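>>> whatever this is, show me its structure:
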Amino acid sequence: MKRPGLPLTLCCQIANCRDDTPQLGRFLSLFFGLTFVDRSAEREDMSTGVARGRLSEERRAWRKNHPHGFVAKPETAPDGSVNLMVWHCTIPGKAGTDWEGGNYPLTLYFTEDYPSKAPKCMFPKDFFHLNVYGSGMVCLSILNEDGWRPSITVRQILVGVQDLLHQPNPASPANYDEYELFVKDPAEYQRRVRQQAKQYPPLV
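The predicted structure is shown next:
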């Protein structure tokens, strides 16, 4: 039987064969005149593109309209390149609360699974709050697996964290010492909050 004039195209869709892709391609080309195309990298690029595409939209939306006093921007390297997967943010303490006057640094770490999975939100290490772990990681319901929704925006995350600062959730403590202080000596807890606010003065 005469071989078709046009080469056939084979698409590899089995992840396990990825390491053998070059050898398999040469084999098919040599013995059958087939063109082997590995699509695994394209699928990875598509997954990556979803996260970065959404974050680009978030960046544009934030520049257009964001709450007064808040800062949120992707990390910029010394060479000027932008890393959309890490955002450096500042959350102002709400007026009329013990947190007023402080401007608190928060870093958002996104993964390639975003927006299907929530970012990790980190205050500085040993940040004083009963819903913040010693590592600085924030414990907030909308960031949990059960509470997260892909439609939640960066703006909603930051406003939610601001609310959490002055409205802590003692039912879900992340730091036992601060939880105990909040319950047994609320006046001292509030004093510590005001003291911490002085460590994070307004941005110049």
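>>> list the buried residues for stretch 61-68?
Trp62 (16 or more other Cβ atoms under 10 Å). Glycine gets a C-beta too; all of them are placed from N, C-alpha and C.
>>> so how far is it from its chain's centroid?
18 Å (Cα atoms, centre = their mean, to the nearest Å).
>>> what of stretch 194-204?
25 Å.
>>> also stretch 159-173?
Relative to the chain's own centre, stretch 159-173 is displaced by 19 Å; criterion: Cα atoms, centre = their mean.
>>> next: stretch 171-183.
That offset, for stretch 171-183, works out to 25 Å (Cα atoms, centre = their mean).
>>> which residues are in contact with that stretch?
128-134, 137-139, 141, 168, 170, 188-189, 192 (Cβ atoms under 8 Å, 6 or more residues apart in numbering).
>>> derive a ChimeraX selection command for the buried subset of those residues.
Those of these that count as buried under 16+ other Cβ under 10 Å are selected in ChimeraX with:
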select :128,129,130,131,132,133,137,138,139,168,189,192
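>>> nearest to Arg54 among the contacts of stretch 171-183?
Closest approach to Arg54 among those (Cβ to Cβ): Val138, at 20.5 Å.
>>> please tell me how far the closest one sits from Lys125.
13 Å (Cβ to Cβ, to the nearest Å).
>>> ok, now Thr107?
Applying Cβ to Cβ to Thr107 and Lys125 gives a distance of 11 Å.
>>> more crowded one of those two?
Thr107 (16 against 11; other Cβ atoms under 10 Å).
>>> quick one: the helix or strand encompassing that one to chain centroid distance?
For Thr107, the host element (DSSP states H and E) is strand 103-109. Here strand 103-109 is found 11 Å from its chain centre; the criterion is Cα atoms, centre = their mean.
>>> tell me the helix or strand right after that strand.
Using DSSP H and E, the helix or strand that follows strand 103-109 in sequence is strand 120-122.
>>> packing partners of the following helix or strand past that next one?
Per DSSP H and E, the first helix or strand lying C-terminal to strand 120-122 is helix 154-166. Judged by 3 or more Cβ pairs under 8 Å, 6 or more residues apart in numbering; DSSP states H and E, helix 154-166 is in contact with helix 40-64, strand 71-76, strand 82-92, strand 103-109.
>>> how about residues contacting helix 154-166?
Helix 154-166 has contacts (Cβ under 8 Å, 6+ apart) with 58, 61-62, 66-67, 70, 72, 87, 89, 91-94, 97-99, 104, 106, 108, 119, 121, 129, 131, 138, 140, 142-143.
>>> try it again at 6 Å.
Contacts to helix 154-166, defined as Cβ atoms under 6 Å, 6 or more residues apart in numbering, come from residues 58, 70, 72, 89, 91, 94, 97, 99, 131, 140, 142.
>>> would you point out the most distant pair within those?
Glu58 and Thr97 (27.0 Å).
>>> so the chain: which segments form each domain?
10-37, 48-197 (automatic domain parsing).
>>> mean confidence score for the first one?
Pointing back at domain 10-37 there. Summarised as a single mean, pLDDT over domain 10-37 is 47.
>>> where does this protein dip in pLDDT?
Residues of the chain that meet the criterion pLDDT under 70 lie in 1-48, 204.
>>> give me that answer again for 90
The model of the chain has pLDDT under 90 over residues 1-48, 202-204.
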